[in-house]
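Peer 1: heads up, no residue letters with this:
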């Protein structure tokens, strides 16, 4: 406890918590088939994997993108919104994803290979 009487985690407890969160993100990304740039930490990975990244933008997309639509994702990065768009437009729709950065493009291709409409 700190002088004010509230609990304060030790350095070891913080390390263990971060380790476990990173492990969970790794397991989840394995089962979801999603790969990330090396620089991503557990927090960014979990936001992506749990659908918590840019929630306002995602909500806007869910309200406006309908089955059968064609959607363009310019600057698709590693595919977060491309995957969301693919789910929203369904099998009769299409997503055209563009990414100029070579490392991100490789990850985009890998992350979206299961989706026939991207």
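Peer 2: Good, I have the coordinates. Just so it is clear, the structure is predicted and the values come from calculations on it, not from any experiment.
Peer 1: residue ranges in the chain under the pLDDT threshold?
Peer 2: 1-5 (pLDDT under 70).
Peer 1: give me that answer again for 80
Peer 2: Scanning the chain for pLDDT under 80 picks out 1-7, 9.
Peer 1: let me see the ranges of the helices in it.
Peer 2: Using DSSP state H, the helices of the chain run over 11-32, 42-49, 55-64, 80-89, 102-112.
Peer 1: wait, which of those is closest to residue 70?
Peer 2: Residue 70 sits nearest to helix 80-89 of all these, at 7.3 Å, using Cβ to Cβ. Using the backbone N, CA and C atoms, a C-beta is placed for each residue, glycine as well.
Peer 1: gap between the closest one and the chain center?
Peer 2: 11 Å (Cα atoms, centre = their mean, to the nearest Å).
Peer 1: same check, this time on stretch 66-77
Peer 2: Taking Cα atoms, centre = their mean, the mean C-alpha location of stretch 66-77 is offset from the chain mean by 16 Å.
Peer 1: also stretch 18-35?
Peer 2: The answer for stretch 18-35 is 11 Å, by Cα atoms, centre = their mean.
Peer 1: start at 833, not 1
Peer 2: Yes, from this point I'll number from 833; that puts the last item at stretch 850-867.
Peer 1: can you give me the buried ones in it?
Peer 2: 857, 861, 866 (16 or more other Cβ atoms under 10 Å).
Peer 1: many thanks, have a good one.
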